[in-house]
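Engineer: Build me a model from this:
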Amino acid sequence: MRRREFISLFGSVMAWPLAARAQPASKMPVVGFLNSASAELFEKYVGQFRRGLNEMGFIEGQNVVVEYRWADGHYERLPELVSDLVHRKVAVIAATGTPAALAAKAATQTIPIVFTTGGDAVALGLVASLAQPGGNVTGTTQLNMALGQKRLELMHQLLPKATSIAIAVNPANPAVSEVQAKDAQNAASSLGLQLQILQASTEAEFETAVANLPKHSGGLVIGAGDSFFLSATAKFAEITFRHGVPTIANGRDFTAAGGLLSYGGSVADSYHLAGIYTGRILTGEKPAALPVLQSSKVEMYINLKTAKALGVEVPPGLVIAADEVFE
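Structural biologist: Predicted structure coming up:
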């Protein structure tokens, strides 16, 4: 390549970000971001989504617009919210969480959709297959639903003398809760434990359910893969600790706030990957050609201070295996 041609090419490449920053808002692509929870509780996950977008060259407010739609825990509002995004003809819909993903898929067969889910994307009907999604939908999955049995096993390891165990599910999210309840029943039976299913869609319902647990209960597992349980983990940690119930949930925030143990797939990682996929679609790639990404990152956090207060002896092997231990 001649020096003059190189300088010309280099100059055009360097000028692209400046052109992008100078781009009028009316010409920027618009991404619709849909979630069943609330903005303030999902701020850190949105940050990971933006990081993925940034890595693909898209900076919010500079060369892409993101229209956020939050259901604030009212799952029944999702169809209306996604309908508004479809009406606005957004370039991509980032449907984060299973209820949002299902609502988005039901709303459009033409606008590209990038989802995040802790469930089985094929069983949920989101895609035809993980390797070849087909249609207008692709996305990322976490291992949260698949790790349900492991959570029960961990609780049994922490409380080996217990004869029963409880699981909390959100009935407002039947696509997830019904699978969780079935899997938990199978896991409990294999461990020789009786299972109690707690149903809660609000913090008040959760508190009542926890308060009514029998004193001899063998602990509680909070079902993962649901935005309601993920969004208020600090509050659930406070409730379960106050009622003296050893509890396993998902996410570092739960354990940092006083929960006993957290175990599950990384939700933050899946949002980051969803941001990357959204950026790739904005550059012209088709959802049908993008295989569903499976985030394999699994995290475990333990709060030894809480364990001591609840009279739970944590096996040394779990402490060694934990990503972080709170003392």
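
Engineer: where exactly do the strands run in this structure?
Structural biologist: Ranges of strands in the chain, per DSSP state E, are 30-35, 65-70, 92-96, 113-117, 137-141, 164-169, 194-199, 220-222, 247-249, 261-265, 293-294, 298-303, 324-326.

Engineer: Using TSV, lay out these together with distance to Thr208, mean neighbour count and mean pLDDT.
Structural biologist: Every residue, glycine included, has its C-beta placed from N, CA and C. Shown next, in TSV, are those (distance: least, CB to CB, whole Å; neighbours: other CB atoms under 10 Å; pLDDT from 0 to 100):
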stretch	distance to Thr208	mean neighbour count	mean pLDDT
strand 30-35	26	25	98
strand 65-70	26	18	98
strand 92-96	29	30	97
strand 113-117	28	30	96
strand 137-141	32	27	96
strand 164-169	12	24	94
strand 194-199	9	17	94
strand 220-222	13	28	93
strand 247-249	15	27	94
strand 261-265	23	27	91
strand 293-294	36	17	90
strand 298-303	24	22	94
strand 324-326	28	16	96
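
Engineer: Enumerate every residue touching Ala101.
Structural biologist: By CB atoms under 8 Å, 6 or more residues apart in numbering, Ala101 lies in contact with 95, 113, 115-117, 124, 126, 137, 139.

Engineer: For the spatially closest residue to it that is not a sequence neighbour, list each beta-bridge partner.
Structural biologist: Leaving aside its chain neighbours, Ala101 sits nearest to Phe115 (3.6 Å; criterion: CB to CB, 6 or more residues apart in numbering). Phe115 has these beta-bridge partners by DSSP bridges: Ala95, Gly139.

Engineer: Surely Phe115 touches Ala103?
Structural biologist: No - Phe115 lies out of contact with Ala103 (CB atoms under 8 Å); the separation is 10.3 Å.

Engineer: between these two, what contacts are shared?
Structural biologist: Between them, Phe115 and Ala103 share these contacting residues under CB under 8 Å, 6+ apart: Ala95.

Engineer: Could you list the low-confidence segments of the chain?
Structural biologist: Within the chain, the segments meeting pLDDT under 70 span 1-26, 144-146.

Engineer: So which residue is smack in the middle of it?
Structural biologist: Residue closest to the average C-alpha location in the chain (CA atoms, centre = their mean): Val267, at 4.2 Å.

Engineer: Could I get the contacting residues of that residue?
Structural biologist: Per CB under 8 Å, 6+ apart, neighbours of Val267: 45, 116, 118, 142, 144, 230, 250-251.

Engineer: any idea how far the residue nearest to Ala101 is from Asp226?
Structural biologist: Going from Phe115 to Asp226 by CB to CB, to the nearest Å gives 15 Å.
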